[in-house]
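1. with the sequence up front, the predicted model follows.
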Amino acid sequence: MWITGNVLPKLFYHFTYDLLFYGGVQSNYLDIATIERYTNIYKSVSKTTLTYDMACDPEALTQWAKHCYNTINENDKWLVYNFFRYLPHVDITEHFDISAFTPPTQPKSINAFRINVSQYQQVLDALLTMPDATPLQRLFCICSLVLGFYAGLRRGEVLRLRYQDIVASKNCPHSFIVHITSTKEGHPKNNKHRQITLYLPETQSAFLHELLKIKHNGDPCKPFVGYENEAISSRAHYYLLPITRALKAVFGKKTCFHHLRHSAAHQLKQQGLLLATQNPPSKNNNS
C-alpha cells in the first residue's frame, strides 16, 4: 500500500531494492558505496513532499520534479536524474516524462516495446479474471485497455476522457469518434487537440457500447472511465493500475501503459502497409 500523504519513502525503498538486486544501467552489480551515493540524495529530495495524487497526475509530477531538480545541489543533479530515470518503471509514476531532464549531450533512449493482438488478449484475459474486482471495475479497466491499444491514447488522455468525448457511429456499430481535448482535469500533451476515428473488432466494440449505455443518462462532462465525482487519482489506481500490473506480470517489469500507444502506432503502420501493397480490384470484378 502507498502512503497517500507522501509516496517518496516507498519510491526510494523500491529504487534501492532494484539497485541492490538488479544493478544499474550499465552494470548488473553495484558495490555498496555506489548504492549509498545514489540513494543519499533522499536527504535532499525528502525535504519536499510528493503526495499520491501528485504522483498520479502527470503535470503535478513534472512540476514537483522540476522543483526538486532546480533546488538541489549542482553536484547532485546527476544522481537525482538517475532517480528520475527509475520513476517510469513504477506503476503510479509510469507516465513520468524523463526527456525534460535528459542532458542534450546524451543520446535519446526509447523503449519501443509493443504487443500484438494475441498478447493483447492475454492482458484482456487477466483483467477479466481479476480477483475481488467488481463487474464495473473490470469494465472500466477493459475500456481503458481498448482505448490504449486500439486508439493509442496516453494514460492521462484515458483518465480525462469524458462521456461526451466518445461518439459511436450511427451507421457502423464498430466505429467511434474519440475527441482528445482540454478538460477541467488537464490538457493534452503540448496542448495538441485531435480527433481519432476508431474501428474496432466486434468483441472489443461491445465493451465500449456497454459503458456508453451505462453512462447514457449521466452528466456528459463526467469521466467516461470511472464513477461521477470520482477523483482522478482514484480512477488511476482502480482502472489503470491493474492494466500496468497485468502488463508487467506478462511481459516484464519495464513494460508500462504507454507501450499500448506504441502498439497502436505499430498496428496503424502495418495496416497502412497492407493497404498500400494490396492489388487494386479488377474493373471486371463485381465483388
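-> On my side now, so go ahead. Numbers count the residues shown, from 1 in each chain.
2. dump the residue contacts of the nearest residue to Pro188 once chain neighbours are set aside.
-> Among residues not flanking Pro188 along the chain, Ile180 sits closest, at 5.2 Å (C-beta to C-beta, 6 or more residues apart in numbering). (C-beta placed from N, C-alpha, C; glycine too.) Listed by C-beta atoms under 8 Å, 6 or more residues apart in numbering, the contact set of Ile180 reads Leu153, Glu157, Leu161, Asp165, Pro188, His193, Arg194, Gln195, Ile196.
3. next one: Lys215
-> Counting by C-beta under 8 Å, 6+ apart, Lys215 touches Tyr163, Lys222, Phe224.
4. selecting buried members of these in ChimeraX, what would you type?
-> Buried residues within these, as defined by 16 or more other C-beta atoms under 10 Å, are selected in ChimeraX through the command that follows:
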select :163,224
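5. residues contacting the helix or strand hosting Ala60, please?
-> Counting by DSSP states H and E, the secondary-structure element that holds Ala60 is helix 58-71. Applying C-beta under 8 Å, 6+ apart, the external contacts of helix 58-71 come out as 44-45, 48, 50, 53-55, 77, 80-81, 84, 87, 93, 95-97, 100-101, 155-156, 186.
6. what about it, average pLDDT?
-> Per-residue pLDDT values over helix 58-71 give a mean of 89.
7. is there a quick ChimeraX command that grabs whichever of the contacts of Ile180 are buried?
-> One line in ChimeraX is enough to select the buried ones among the contacts of Ile180; burial here means 16+ other C-beta under 10 Å:
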select :153,157,161,165,188,196
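8. among the contacts of Lys215, which are in helices?
-> Taking DSSP state H as the definition of helices, the contacts of Lys215 contribute nothing to them.
9. and the contacts of Lys215, which is closest to Ala126?
-> Closest approach to Ala126 among the contacts of Lys215 (C-beta to C-beta): Phe224, at 21.9 Å.
10. I'd like the next helix or strand past the host helix or strand of Tyr13.
-> With elements taken from DSSP H and E, the one containing Tyr13 is helix 8-22. The first helix or strand that comes after helix 8-22 along the chain, using DSSP H and E, is helix 32-39.
11. how distant is the worst-scoring helix or strand of the chain on mean pLDDT from the center of its chain?
-> Taking mean pLDDT, DSSP states H and E as the measure, helix 32-39 is the helix or strand of the chain with the lowest mean score, a mean of 76. With C-alpha atoms, centre = their mean, to the nearest Å as the basis, helix 32-39 stands 30 Å off its chain's centre.
12. Asp91: what's it in contact with?
-> If you count contacts by C-beta under 8 Å, 6+ apart, Asp91 has them with Leu241, Thr244, Arg245, Lys248.
13. of the residues you listed - the most surrounded one?
-> Taking other C-beta atoms under 10 Å to define a neighbour, the member of those with the most is Thr244, carrying 20 neighbours.
14. how far away is that one from Thr203?
-> The gap separating Thr244 from Thr203 is 23 Å, by C-beta to C-beta, to the nearest Å.
15. again, but for Gln270
-> Distance of Gln270 to Thr203, given as C-beta to C-beta: 20 Å.
16. just checking, what packs against the longest helix along the chain?
-> With DSSP H setting the assignment, residue counts place helix 258-277 as the longest helix in the chain. Using 3 or more C-beta pairs under 8 Å, 6 or more residues apart in numbering; DSSP states H and E, the elements in contact with helix 258-277 are helix 135-149, helix 241-251.
17. hang on, the earlier thing: ok, residues contacting the least confident helix or strand of the chain?
-> The set of residues that contact helix 32-39 without belonging to it, under C-beta under 8 Å, 6+ apart, is Phe12, Phe15, Thr16, Leu19, Leu20, Gly24, Leu30, Leu79, Asn82, Phe83.
18. may I ask which two of the residues you listed are separated the most?
-> Of all pairs drawn from the contacts of helix 32-39, the one with the largest separation by C-beta to C-beta is Leu20 and Leu79; the distance is 16.4 Å.
19. more neighbours, those two?
-> Neighbours were counted for Leu20 and for Leu79 using other C-beta under 10 Å; Leu79 has more, 18 against 13.
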